[in-house]
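Participant: no sequence on this one, just coordinates:
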């Protein structure tokens, strides 16, 4: 039974609640245990998910609200036409970008030197990212269009997007772009960021962590 995109999108919660141990991330230990039968580990994780007593509202929002909106904004005939406001709306729904934005210094985002709400930092980061260019002058919309809808393999496009002067833009890396591809084309590619990769590895799937 192949792993479905919806299942892969739910790998993060079991990982952080069942695998992560304080500051330890022992996913390789879980991989050694589950690699002989990852499908069984996946079924166990899904059963745990179904029965676990915790607030599912964030995950439900991701699946039922954010995912359709991202697919709409990142569509082939839409992505290069996004306004700044639409772009900020899109990236604010990408978990890897949100995590990265919240970790930025206030000064970098033009915010006062006092605690800021996470959503405010994400919005300011999106506005900053909108203005960035690659060394060869590519816009962030051109970068996203290339990664999501360009020619050649997705893996090659992702590599170029983070390594080449033509495409690479600071502060938008592999986790963010891998996740964006999945939200834009979920029937072909699952949303993949560092968290979901670690979750899949812990379930016994032989995936690489990072580049």
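Facilitator: Ah, there it is. Since the model is a prediction, treat every value here as computed from it, not as a measurement.
Participant: pLDDT weak spots in the protein?
Facilitator: Where the chain drops to pLDDT under 70, the residues are 1-25, 210-211.
Participant: Domains in it, by residue range?
Facilitator: 5-57, 58-184 (automatic domain parsing).
Participant: So for residue 199, which of these sits nearest?
Facilitator: Within the domains of the chain, the stretch nearest residue 199 is domain 5-57; the backing value is 3.0 Å (Cβ to Cβ). Every residue, glycine included, has its C-beta placed from N, CA and C.
Participant: Point to the residue nearest the middle of this structure.
Facilitator: Geometric centre of the chain, nearest residue: residue 179, 3.2 Å, by Cα atoms, centre = their mean.
Participant: List the contacts of that one.
Facilitator: By Cβ atoms under 8 Å, 6 or more residues apart in numbering, the contact list for residue 179 reads 94-97, 191-193, 196.
Participant: at 7 Å instead, please
Facilitator: 94-96, 191-193 (Cβ atoms under 7 Å, 6 or more residues apart in numbering).
Participant: Can you check which of the domains of the chain gets nearest to residue 207?
Facilitator: Here domain 5-57 is closest among these (Cβ to Cβ), at 9.3 Å.
Participant: Tell me the buried residues in stretch 32-43?
Facilitator: 34, 38, 41-42 (16 or more other Cβ atoms under 10 Å).
Participant: picking up where we left off before, how would you label the residue nearest to the centre of the chain: helix, strand or coil?
Facilitator: helix (DSSP: H, G, I helix; E, B strand; the rest coil).
Participant: name the element residue 127 belongs to?
Facilitator: helix 118-130 (DSSP states H and E).
Participant: Name the residues of that helix that come out as buried.
Facilitator: 121-130.
Participant: how near is residue 188 to residue 182?
Facilitator: Distance of residue 188 to residue 182, given as Cβ to Cβ, to the nearest Å: 9 Å.
Participant: Please say which of those two ends up with more neighbours.
Facilitator: Neighbour count, other Cβ atoms under 10 Å: between residue 188 and residue 182, residue 182 has more, with 24 against 10.
Participant: I'd like the distance from the helix or strand encompassing the more buried one to the chain centre, please.
Facilitator: Here residue 182 sits within helix 174-184, counting by DSSP H and E. For helix 174-184, the separation from the chain centroid amounts to 5 Å (computed by Cα atoms, centre = their mean, to the nearest Å).
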